[in-house]
Structures are given as structure tokens and as C-alpha cells.
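1. heads up, no residue letters with this:
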């Protein structure tokens, strides 16, 4: 399913990332299982081998190139879908303590089977983010939360920042076109501050990573319930 080992090595090395044979084997297992599972359950529109390599795997792994994620950090991937960006990141950074959250059980079922095949340890949560982040065992318990989603920065911040402990960070993987500053009020209300924005080229496409530092506790009323979230952004 994936392009051959030599080509994959070359693609990763363009970003200064080393791909070993063992890492390649795990990515190949991931790609094969993703495409096969996708025939019955809609997980991704990207199934062409070279695009899976670039847009799913390399893009996900670059998170740790552009953001300093210390060893043994705890990370929750909010609305993880088919496991991007956190599962490829975990393949390369086995020290990360990973939690995968998604509101659709069919995706969680896929992720459980995938992580079993890859021999990856992770916690799986099938629930809406706005509900989970109100639970004491998850609220402000993580070094990092991340999301690779099309939702606007204001909504993503409200869903993701409450998971992060003070001193930790929320990482949003975005396209280049959104006006990130429109999320400034939400970020500040939720206890964060924009720390860094990294623009980079993923071969022929532009990408952006936005890092929000958590500097104070999130007020208990956030996140709001799903109907309020849909009605009005912060």
C-alpha cells in the first residue's frame, strides 16, 4: 500500500526526519488497515498511497518537529478521526502518553484495532469533547491537547483548551487561509495566549500550526454545551 521504503525515506528526509525499517513497517500496517477499513467505514477521503504518506503520515509527524514536546508528555487528540495526527506521532515518539477522543464509536473501534496491530498503548474515549472535559479525571490533566480539524479556531479552542493543565499547550493544525486572530477572544477567555504560529510547506501545499499556551485555569462554565457551541462562538 505505501510507496517503497527508499521513496518513503526520501520523503521524510526532506524534512530532516529519519525513517527506520521498523517505523516503515508500522506505517505500512497502518496504511493497509486504514484503506481496507475505509471500504466499509468512512474514515478518510485520502487513500492514494503517496497522498497517505504525505498528507497523513508526514504531516502528522511534523508536529513534533515544529513543536517542542518533552519526553513522556501526556497528549489528548480531540476529534482524532482515523488517528491523525497523534497515532503517527506516537509511532515515532513511543514515550508520549496518548489519549484518543472521538464522538463516533465506529472510529474508536477502528483505533482500538489499529493500536492493537501496531502494539501501541493508548486510552480510548468515545464521547463528545465538551462532555469529557467537564469530567474531573480529564479536565486540565494533559500537557498537550491537539486537533487537526476544519472547525474555526474559536470553537477548537473551547473544545481543546479545557483539557490542558496550566503551563501546557493546545496545538491546532490548520490550513493557511483562516484568520486565526478571530479566535483571540476565545483563547483569552479560556485561559490561553497565542504563543507561536508556524507556517510551512508540505510539498506543494501550505500548512499552519498554531500553539496556544495555557496560562490560567479555564473558567468552570466552559466548554458550553453543544447547542450553545453551535449557536455562537466566543
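-> Looks like it came in fine. Note that this is a predicted model, so its numbers are computed, not measured. Numbers count the residues shown, from 1 in each chain.

2. quick one, helices of this protein?
-> Here the chain has its helices, by DSSP state H, at 5-13, 21-38, 49-51, 59-61, 63-66, 86-92, 105-118, 129-132, 153-160, 184-189, 226-231.

3. With distance to residue 195, mean neighbour count and mean pLDDT as added columns, please give those helices in CSV.
-> Placement of C-beta: from N, CA and C, glycine included. Conversion of the helices of the chain to CSV gives the following (distance: least, CB to CB, whole Å; neighbours: other CB atoms under 10 Å; pLDDT from 0 to 100):
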stretch, distance to residue 195, mean neighbour count, mean pLDDT
helix 5-13, 27, 15, 96
helix 21-38, 29, 17, 97
helix 49-51, 31, 14, 94
helix 59-61, 21, 22, 97
helix 63-66, 12, 18, 94
helix 86-92, 19, 23, 98
helix 105-118, 29, 16, 98
helix 129-132, 21, 20, 96
helix 153-160, 13, 25, 95
helix 184-189, 10, 18, 95
helix 226-231, 24, 12, 89
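
4. Tell me which of the ones you listed lies nearest to residue 219.
-> Of all the helices of the chain, the one in closest proximity to residue 219, counting by CB to CB, is helix 184-189 (7.4 Å).

5. tell me what that closest one is packed against?
-> Other helices and strands packing on helix 184-189, by 3 or more CB pairs under 8 Å, 6 or more residues apart in numbering; DSSP states H and E, are helix 153-160, strand 192-202.

6. Out of the helices of the chain, the one nearest residue 210 is which?
-> Closest approach to residue 210 among these is made by helix 153-160 (6.9 Å; CB to CB).

7. tell me the contacts of the closest residue to residue 92 other than its chain neighbours?
-> Spatially, and ignoring its direct neighbours in sequence, residue 92 is nearest to residue 61 (5.3 Å; CB to CB, 6 or more residues apart in numbering). Contact criterion CB atoms under 8 Å, 6 or more residues apart in numbering gives 12, 17, 85, 88, 89, 91, 92 as the residues in contact with residue 61.

8. if you set the cut-off to 10 Å instead, what comes out?
-> Neighbour list for residue 61: 12, 15, 17, 19, 23, 27, 85, 88, 89, 91, 92, 93 [criterion: CB atoms under 10 Å, 6 or more residues apart in numbering].

9. Let me know the distance separating it from residue 100.
-> Computed as CB to CB, to the nearest Å, the residue 61 to residue 100 distance reads 17 Å.

10. repeat for residue 191
-> Counting by CB to CB, the separation of residue 191 from residue 100 is 24 Å.
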